[in-house]
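**Q** Okay, predicted coordinates and the sequence, questions at the end:
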Amino acid sequence: MRFKYLGSFIVFAATATQAQVPAAELARPPADATHFVIQSTAGKHGDSWTWKTADGTRMGRETLILRGQVFELDVRGKPGADGMPTALEVRGFTPTGDAAETFGISGGKASWKSQVDAGSTGYSAPAFYSALNGPIENTAWAVETLLARPDKTLPLLPSGAARAEKLTTLTVGEGANRKEVTAWAITGVATQPLPVWADADNRFFALSFFLSWLPEAYAGEHERITVAQTRALSARAPALRKALLETPAGPVAFTHVQIFDAQAKKFVADQSVVVVDGHIAAVGPAKTVKVPAGARVFEGRGRTLVPGLWDSHLHVGSDYTGIQALSMGVTSIRDPGNDDGQTIDRRTRSAAGELLMPNVYPSSLIDGKGENTAQVANVATSQAEAIALVGKARQQGFIGVKFYGTLDKAWLPAAAAEAHRLGLHVHGHIPAGMRPLEAINAGYDELTHINWVAMQAMPDEVIAKSNGILRFEGPGRYMKDTDLDSGPIKQMIDTMAAKGIYSDPTMVTFESLYVPENGDLSPGYAPFVGTLPPSVERGFRIGGFKVPEGLTRADYRASWAKMVELVGRMHEAGVPIVAGTDGYGIELIRELEIYVDAGMTTGEALATATIVPAKLVGQDKNTGSIQVGKVADLLLVEGDPSKTIGALRQTRTVLLGGKLLDADALRTAAGFSGRPK
């Protein structure tokens, strides 16, 4: 997963080797600073401090390591009479490079300069500058300012507004530390409500999503806080489901429509499809298929009906992830690692008819213990523990296990063998010190991400530390000069093809890491500009990883181009490829566009997001193609994706198990203001 900063309310972007202000020169917190522990279910990942100086200046310092991605940041902000920042400076670095950012108000004008933009505007009414980067102090200040306003609405700069609504309360701590805290749902800064916790005086207390920032004295409250906010947010889910999901009174028919035949990987013109009781009852030429009396009819001229799409690599972050995915026509998701408790909770509520969610096929994430342990992983400290975690995944109804880079490579064969004995799919990153072919020989059924295919050709020094930033920097440095037609990569492709090893390349992720400079917008996000909250769109302009010393952005782009060629070589050799995003989920169609650039036909590319993933999880007899008897997971789009696969973004109607969903209503519920371009 790669994370972007979304302004002051979420502190994330996507390792830098050089920075304007190195970590040793950043602010040092005093002894009385408030200390926050940054953690997940996998353990601690960093520290953050907030404090005020004698003159009222607000200060923050943060240090964080996420699987080798290093964040070292501080912030200094001066409040004005209205409580808003009149001067603010962020220093340090993130994986995208120098995080330097400044803001100030002078002479009735507000001005700012960040990694991605610079601008100014008149300042005549209170507004809070939403910093692109910075420690949790930025979030704390923004939340406290928002909650102090009577209408719980806060205008933001450069644009937008944040709103707060009370969610729930919880008593935390023991003895003298016992206190009541309140969760507030913040909207207007993301495509879903963001829960933030404050104390009885409306002072920032904690933030928890995939990571949590908790005061040191309350570091043990991560699970309770997560459960409380999830329950509060989930109370909204039944009403959303009822408002968005329509059970048709009778048959549904799509007439004179072009359909995608996923089995043949081709498009067929002028067809009609009839759905009865949630299943496909008839498919054929429009002139021969009889539409039942009283059927709900969708005119298909100028439109295309495709099987519901699959995102084969989407970490479901919340209830709203499902609504957003459905708006894109995604009716099935492979979640390759998450907070297992949250995954089980969503599955339970979905089965009970209390949550609108695509079909989710989850894997349990298993890693070893160390500096680069994956957040939300189940952590094993011995081979026996790794095997036990595999068994637990099976007992809890997961379809697979995803192993990660800090797992001891010596434990992998036994853990993978146990997974296969229990009927679980085995995939993931490769343990440090192990090459991908070794992982395949140890039991992998699938390689996650294109970089792990490329790693077969990387030098030993990259492989030795591949659970850190070198898993990105190695391929970025060396892939441009790698021969795809002989040597390690050719051996890799031939082995994967011969053994039927799947590839989940998530090309859009690596395009965003290697190609854009700060300020550039990756092609996966460009169609959505103008439909998202301003802070989200601004965050999407944070560029790729900072290029290491001795290389240029052109080098990284050349290595990226070679990775696109690699996908083409794998496809030609017969390696089964499944399309996934490892992002927000809105990038799926861009993933397919890249496959077309790699040499696939539009039909072959679309198969990677329909029938191929259905086969991977053993559901191809039930879904993944438009055939009589299959479950009606379908997507009606405006236009002709056989000519331009980007037309798949123009979703109009979605069927999930035969139930109807309006794509525009889904987009609105997911926080989008309109259709993508």
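**A** Nice, thanks for sending it over.
**Q** care to break this structure down by domain?
**A** Using automatic domain parsing, the domain ranges for the chain come out as 23-235, 309-669.
**Q** What's the end-to-end length of the last one?
**A** Criterion C-alpha to C-alpha, to the nearest Å; first-to-last residue distance in domain 309-669 is 20 Å.
**Q** need the strands for the stretch 201-350 of the chain, in chain order.
**A** For the stretch 201-350 of the chain, the strands defined by DSSP state E, counting those that start in this stretch cover 204-208, 212-215, 245-246, 252-261, 266-276, 279-285, 296-299, 303-307, 309-311, 330-335.
**Q** Serialize those to JSON lines and add fields for mean neighbour count, distance to residue 123 and mean pLDDT.
**A** From N, CA and C alone the C-beta is placed, and that goes for glycine too. Formatted as JSON lines, the strands of the stretch 201-350 of the chain follow (neighbours: other C-beta atoms under 10 Å; distance: least, C-beta to C-beta, whole Å; pLDDT from 0 to 100):
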{"stretch": "strand 204-208", "mean neighbour count": "24", "distance to residue 123": "24", "mean pLDDT": "96"}
{"stretch": "strand 212-215", "mean neighbour count": "24", "distance to residue 123": "30", "mean pLDDT": "97"}
{"stretch": "strand 245-246", "mean neighbour count": "16", "distance to residue 123": "45", "mean pLDDT": "98"}
{"stretch": "strand 252-261", "mean neighbour count": "22", "distance to residue 123": "53", "mean pLDDT": "98"}
{"stretch": "strand 266-276", "mean neighbour count": "20", "distance to residue 123": "54", "mean pLDDT": "98"}
{"stretch": "strand 279-285", "mean neighbour count": "17", "distance to residue 123": "59", "mean pLDDT": "98"}
{"stretch": "strand 296-299", "mean neighbour count": "15", "distance to residue 123": "51", "mean pLDDT": "98"}
{"stretch": "strand 303-307", "mean neighbour count": "24", "distance to residue 123": "48", "mean pLDDT": "98"}
{"stretch": "strand 309-311", "mean neighbour count": "30", "distance to residue 123": "42", "mean pLDDT": "98"}
{"stretch": "strand 330-335", "mean neighbour count": "26", "distance to residue 123": "42", "mean pLDDT": "98"}
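**Q** and these as TSV, adding distance to residue 542?
**A** Converted to TSV, those look like this (distance: least, C-beta to C-beta, whole Å):
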stretch	distance to residue 542
strand 204-208	20
strand 212-215	20
strand 245-246	35
strand 252-261	35
strand 266-276	37
strand 279-285	43
strand 296-299	40
strand 303-307	33
strand 309-311	22
strand 330-335	25
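**Q** Ok, which of those strands comes nearest residue 347?
**A** With distances scored as C-beta to C-beta, the stretch of these nearest to residue 347 is strand 330-335 (10.1 Å).
**Q** hmm, who's touching that closest one?
**A** Strand 330-335 has contacts (C-beta atoms under 8 Å, 6 or more residues apart in numbering) with 308-316, 322, 325, 343, 358-363, 578, 580, 585, 588, 613-614, 616-617, 619, 623, 633-635, 654-656.
**Q** Same check on stretch 568-575?
**A** Contacts for stretch 568-575 (C-beta under 8 Å, 6+ apart): 453, 484-485, 489, 493-494, 496-497, 501-503, 577, 595, 598-600, 604.
**Q** sorry, back to before: select, out of the domains of the chain, the one closest to residue 269.
**A** domain 309-669 (9.1 Å).
**Q** List the buried residues of stretch 471-483.
**A** 471-480, 482 (16 or more other C-beta atoms under 10 Å).
**Q** typo on my end, stretch 76-87
**A** For stretch 76-87, the neighbour count (16+ other C-beta under 10 Å) marks 76-79, 84-87 as buried.
**Q** Roughly how far does residue 314 sit from residue 579?
**A** Using C-beta to C-beta, to the nearest Å, we find residue 314 at a distance of 11 Å from residue 579.
**Q** Now do the end-to-end distance for stretch 445-454.
**A** End-to-end distance for stretch 445-454: 17 Å, by C-alpha to C-alpha.
**Q** Name the residues that touch it?
**A** Taking contacts as C-beta under 8 Å, 6+ apart, the residues outside stretch 445-454 that touch it are 313, 336, 402, 425-430, 436, 439-440, 471-472, 474-475, 479, 482, 489, 492-493, 496, 501-507, 509-510, 563, 566-567, 570, 582, 616.
**Q** Now for the buried residues of stretch 76-87: which two are most distant?
**A** Maximum pairwise distance in those, criterion C-beta to C-beta, is 15.3 Å, between 76 and 84.
**Q** Counting neighbours, which of the contacts of stretch 568-575 end up buried?
**A** Buried positions within the contacts of stretch 568-575, assessed by neighbour count (16+ other C-beta under 10 Å), are 453, 484, 489, 493, 496-497, 501-503, 577, 595, 598, 600, 604.
**Q** Present the residues you listed as CSV; the columns should include secondary structure and pLDDT.
**A** Shown next, in CSV, are those (DSSP: H, G, I helix; E, B strand; the rest coil; pLDDT from 0 to 100):
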residue, secondary structure, pLDDT
453, helix, 98
484, coil, 97
489, helix, 98
493, helix, 98
496, helix, 98
497, helix, 98
501, coil, 98
502, strand, 98
503, strand, 98
577, strand, 98
595, helix, 98
598, coil, 98
600, coil, 98
604, helix, 98
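**Q** Out of these, which is nearest to residue 411?
**A** residue 501 (20.5 Å).
**Q** Just give me the neighbour total for the closest residue to the closest one other than its chain neighbours.
**A** Excluding the flanking residues, the one nearest residue 501 by C-beta to C-beta, 6 or more residues apart in numbering is residue 440, at 5.7 Å. When neighbours are defined as other C-beta atoms under 10 Å, residue 440 has 20 of them.
**Q** Dihedrals phi and psi, residue 440?
**A** Backbone dihedrals for residue 440, given as degrees, to the nearest 10, come out at phi -60, psi -40.
**Q** That one and residue 497 touch, don't they?
**A** No - Residue 440 is not in contact with residue 497 according to C-beta atoms under 8 Å; the separation is 11.6 Å.
**Q** what's the distance between the residue nearest the centre of the chain and residue 260?
**A** For the chain, the residue nearest the mean C-alpha position is residue 583 (3.0 Å; C-alpha atoms, centre = their mean). Distance of residue 583 to residue 260, computed by C-beta to C-beta: 24 Å.
**Q** how much space between residue 495 and residue 444?
**A** Noted for residue 495: a distance of 11 Å to residue 444, by C-beta to C-beta.
**Q** Overlap in contacts, these two.
**A** Common contacts of residue 495 and residue 444, defined by C-beta under 8 Å, 6+ apart, comprise residue 501.
**Q** Of the two, which one has the most company?
**A** Shown here are residue 495 and residue 444; by other C-beta under 10 Å, residue 444 has more neighbours (25 against 17).
**Q** about what we covered before: mind checking the strands of the stretch 201-350 of the chain for the one nearest to residue 352?
**A** strand 245-246 (13.8 Å).
**Q** Pull the distance from that closest one to the chain's centre.
**A** Distance, stretch centre to chain centre, for strand 245-246: 26 Å (C-alpha atoms, centre = their mean, to the nearest Å).
**Q** Strand partners (parallel or antiparallel) of it?
**A** Here strand 245-246 has these sheet partners by DSSP bridges: strand 659-662 (antiparallel).
**Q** outside of the strand it pairs with, which residues touch it?
**A** The contact list for strand 659-662, computed with C-beta under 8 Å, 6+ apart, reads 244-248, 252, 278, 296, 326, 652-655.
**Q** Quick check: buried residues in that strand?
**A** Residues 659-662 are the ones in strand 659-662 that count as buried (16+ other C-beta under 10 Å).
**Q** Could I get the contacting residues of the residue lying closest to residue 281 once chain neighbours are set aside?
**A** Closest residue in space to residue 281, ignoring its immediate chain neighbours: residue 274 at 4.8 Å, by C-beta to C-beta, 6+ apart. For residue 274, the contacting residues are 251-253, 280-283, 289, 291-292, 295, by C-beta under 8 Å, 6+ apart.
**Q** closest to residue 265 among those?
**A** Using C-beta to C-beta, residue 283 comes nearest to residue 265 of the contacts of residue 274, at 16.2 Å.
**Q** Lovely, talk soon.
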